[in-house]
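1. Give the three-dimensional model of this entry:
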Amino acid sequence: MTAFEKTFDSAALEYDKSRPAYRKEIYEDILHYKPINPDSNVLEIGVGTGKASRPILDTGCRFIGIEPGEQLAGLARNQYKDYENFSLLPQTLQDFASPDGLFDLVYAAAAFHWIPEDYGYNRVFSLLKPGGAFARFAYHAGPDRRRGALAEEIRELYRKYMRTESKPAGFSDADAQKLAERALAYGFVDVGHALYHAAKNFTADEYMALLRTYPDHMKMEAADRKKLFDGIHSAIDNHGGIMTVYYAMDLELARKPY
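-> A predicted model of the protein is given here:
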């Protein structure tokens, strides 16, 4: 397990509570692109706590998930203990042993970017049946649009303690299209993409719990991290006690040729 994966695993409960739920339209678009039924084989890469599993499990498919984080996997197993079609293996994609051409759908939610691109796309391609689909989706956090002074105060804290100078650019439809088109280089066809939007309110304490699930924050020097976190906590409290995070959620779809 990588250091980043260990960060997620050590904050499993906070990850499950603080990370946003994916928009239902993401699953509707995936299942429109590739209909799934109880005869379908589905693989989820990086199940985590299972935040992206239920809508796929509810199709009745034969579901296999892989998740190397012991604590993350434990939460997922408990959540889906009543699903007879749920199987979870404590493995990475690189460790996962499977015949080629087995799956109708392979998908990853906020997980595929941790896998080396060449290996990831080629391995998914080999695992899919002809006509099978690959879906990758994730979310990208943006600053509070309602509280400009708060957002600027937090940006200043990041400039001071994380040494980041640029203003967050956000994630655009063009970014999603560019990411979707990467699959073409690995033999996939019929690529598509979509972008969705959501917002989530956090108290200062809740936002601290979210930040503790960010690997780049947790690998900071402890003294700088404390100053950053304390500063953000105080800023939220001083601006009314609530911070709204605006999320862009992107979906990329690709098909293995028949």
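
2. give me phi/psi at the residue nearest the centre of the chain?
-> By C-alpha atoms, centre = their mean, the mean C-alpha position of the chain lies nearest to residue 110, the distance being 1.8 Å. Main-chain torsions, residue 110, degrees, to the nearest 10: phi 50, psi 40.

3. How about residue 97?
-> The phi/psi pair for residue 97 (degrees, to the nearest 10) is phi -100, psi 120.

4. With residue 241 instead?
-> phi 90, psi 0.

5. Just the helices from the stretch 1-150 of the chain, written as ranges.
-> 3-10, 12-18, 24-33, 54-57, 70-79, 117-127, 148-161 (DSSP state H, counting those that start in this stretch).

6. so which of those helices comes closest to residue 41?
-> The closest of these to residue 41 is helix 117-127. By C-beta to C-beta, the value is 9.5 Å. Yep, even glycine has a C-beta here, placed from its N, CA and C like the rest.

7. CA atoms only: put the closest one into CSV for me.
-> The C-alpha coordinates for helix 117-127 follow below in CSV (Å, rounded to 0.1, in the frame of the first residue of the first chain):
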residue,chain,number,x,y,z
GLU,A,117,-1.9,5.4,-16.5
ASP,A,118,-0.3,2.9,-19.0
TYR,A,119,-0.8,0.0,-16.7
GLY,A,120,-4.3,1.0,-15.6
TYR,A,121,-5.9,1.5,-19.0
ASN,A,122,-4.2,-1.6,-20.4
ARG,A,123,-5.2,-3.8,-17.5
VAL,A,124,-8.8,-2.6,-17.6
PHE,A,125,-9.0,-3.2,-21.3
SER,A,126,-7.8,-6.7,-20.8
LEU,A,127,-10.3,-7.4,-18.0
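
8. Now do that helix, average pLDDT.
-> Rounded to a whole number, the mean pLDDT of helix 117-127 is 98.

9. what helices or strands is that helix leaning on?
-> Judged by 3 or more C-beta pairs under 8 Å, 6 or more residues apart in numbering; DSSP states H and E, helix 117-127 is in contact with strand 103-109.

10. Which residues does the strand it packs on contact?
-> Strand 103-109 is contacted from outside by 22, 30, 34, 36, 40-46, 48, 51-52, 56, 61, 124, 127-129, 132-138, using C-beta atoms under 8 Å, 6 or more residues apart in numbering.

11. for stretch 71-87, same thing?
-> Stretch 71-87 is contacted by residues 8-10, 12-13, 15-16, 38, 47-50, 53-54, 57, 60-65, 67, 88, 90 when judged by C-beta under 8 Å, 6+ apart.
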